[in-house]
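Undergrad: Here's my sequence, what's the structure:
(one chain, ligands or ions: 2)
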Amino acid sequence: MNMVKILTLLFFGISTNAITTTSTDNGKCEEFTNTCAVISCGSQRSAGLPGRDGRDGKEGPKGEKGDKGQQGHRGSQGPPGKIGPPGAKGDKGSIGQKGEQGVSATSEVDTVREQMKVFERELHLLQASLNKYNKILLFHGGKQAGDKVFVTNGFEENFENAQKTCKEAGGNLATPRNAAENSATQEILHTKGESSKSFLGISDAQVEGIFKYLTGEKMTFTNWNLGEPNNSKDNEDCVEIQDNGKWNDIPCNLLRLVICEF
Ligand SMILES: *[C@@H]1O[C@H](CO)[C@@H](O)[C@H](O)[C@H]1NC(C)=O
Ligand SMILES: [Ca+2]
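TA: Ligands and ions are numbered 1, 2, ... in the order given. Sure thing, here's the model as predicted:
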């Protein structure tokens, strides 16, 4: 075993010792150290002067790969990566709770139809009721003409009071606006006996000679007796209807049968 090899081994041992920390390697180092001491002692034979320092030996073979070092510190965070491709379509969600029942147009129409039927029935009952009271009224002396009904309370009053009575009853003083209405008024006079007379809702109190309805409207129908209106004694602003259906202007303070129209 030559010196170079021994030194190399020795160096290797020390190097190994410096790197490793295990107790097993420490034992190896002591072994090499002892070997070195024995050889050094054995070479002390000649008594000559010590020689010059030897030259450096050749570079030894490459050592074995060392053990893995300790893990390094964690690096700083890198830049964000590119946006990835869209993910696959997710699974279908579970079915939601059932909503409240809506009102269908069909059922609404049915409801309206039902209500119409109810209204129709009530309308028929109302019509029957009206017919009944109309019969009672006519039986009691009322006379109908179109949608008007003429009726008397059987009393005689002056023009002002007769008008008031009819208003309070919810009607008006009889005011025939056509032949049919005039006939209906006349018929009432017939039921009250001969030469019965009644005031009409007509007057020329505002402008002498120009008779108008009490509403102020122009007349649409007249049935004056021959020679009337004559404004006798310049005191005839009111009008009466006689049992022949003819009209005559008379003083407003006379008493006449009250006939109202409704
Ligand atoms: C005028 O009319 C009244 C009734 O209102 C009658 O009594 C009188 O005779 C009439 N006069 C004339 C001149 O026709
Ligand atoms: Ca007259």
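
Undergrad: Only C-alpha atoms from now on, for both contacts and neighbour counts.
TA: Fine.

Undergrad: Strands of the protein, start to end?
TA: With DSSP state E as the criterion, the chain has strands at 143-145, 148-157, 172-173, 198-203, 212-213, 238-241, 247-250, 256-261.

Undergrad: Give me the sheet partners of the second one and which way each runs.
TA: In other words, strand 148-157. Using DSSP bridges, strand 148-157 pairs in its sheet with strand 143-145 (antiparallel), strand 256-261 (antiparallel).

Undergrad: any idea which of those strands is most buried?
TA: Highest mean neighbour count of the strands paired with strand 148-157: strand 256-261, a mean of 25 (counted as mean count of other C-alpha atoms under 10 Å).

Undergrad: got the angle for that strand vs strand 198-203?
TA: Taking axes from the mean of the first three to the mean of the last three C-alpha atoms, to 10 degrees, strand 256-261 and strand 198-203 form an angle of 60 degrees between their directions.

Undergrad: what's the single longest helix in this protein?
TA: As assigned by DSSP state H, the longest helix anywhere in the chain is helix 105-139.

Undergrad: confidence score at S107?
TA: S107 is assigned a pLDDT of 90 by the prediction.

Undergrad: how near is it to ligand 2?
TA: Remark: distance between S107 and ligand 2 (C-alpha to the ion, to the nearest Å) = 69 Å.

Undergrad: picking up where we left off before, go through the strands paired with strand 148-157 and name the closest to ligand 2.
TA: strand 256-261 (14.8 Å; C-alpha to the ion).

Undergrad: rewinding a little: buried ones in the longest helix of the chain, by neighbour count?
TA: The neighbour-count check on helix 105-139 (16 or more other C-alpha atoms under 10 Å) flags 134, 137 as buried.

Undergrad: Over to stretch 183-198?
TA: Applying 16+ other C-alpha under 10 Å to stretch 183-198 flags 183-190, 196-198 as buried.

Undergrad: about what we covered before: which of the strands paired with strand 148-157 sits closest to ligand 1?
TA: For the strands paired with strand 148-157, the distance to ligand 1 is smallest for strand 256-261, at 13.4 Å, taking C-alpha to the nearest ligand atom.

Undergrad: Pick the one among the buried residues of stretch 183-198 closest to ligand 1.
TA: Using C-alpha to the nearest ligand atom, K197 comes nearest to ligand 1 of the buried residues of stretch 183-198, at 12.1 Å.

Undergrad: List phi and psi for the closest one.
TA: Backbone torsions of K197, given as degrees, to the nearest 10, read phi -140, psi 160.

Undergrad: With adjacent residues omitted, what lies nearest to it?
TA: Sequence neighbours aside, Q242 is the residue nearest to K197 in space, at 4.8 Å (criterion: C-alpha to C-alpha, 6 or more residues apart in numbering).

Undergrad: Just confirm that neighbour contacts K192, I think it does.
TA: No. Q242 lies out of contact with K192 (C-alpha atoms under 8 Å); the separation is 11.8 Å.

Undergrad: Name whatever forms a beta bridge with the closest residue to ligand 2 within the stretch 101-250 of the chain.
TA: Closest contact between the stretch 101-250 of the chain and ligand 2, by C-alpha to the ion, is at D249 (4.0 Å). Bridge pairing for D249 (DSSP bridges) gives the partners V239.
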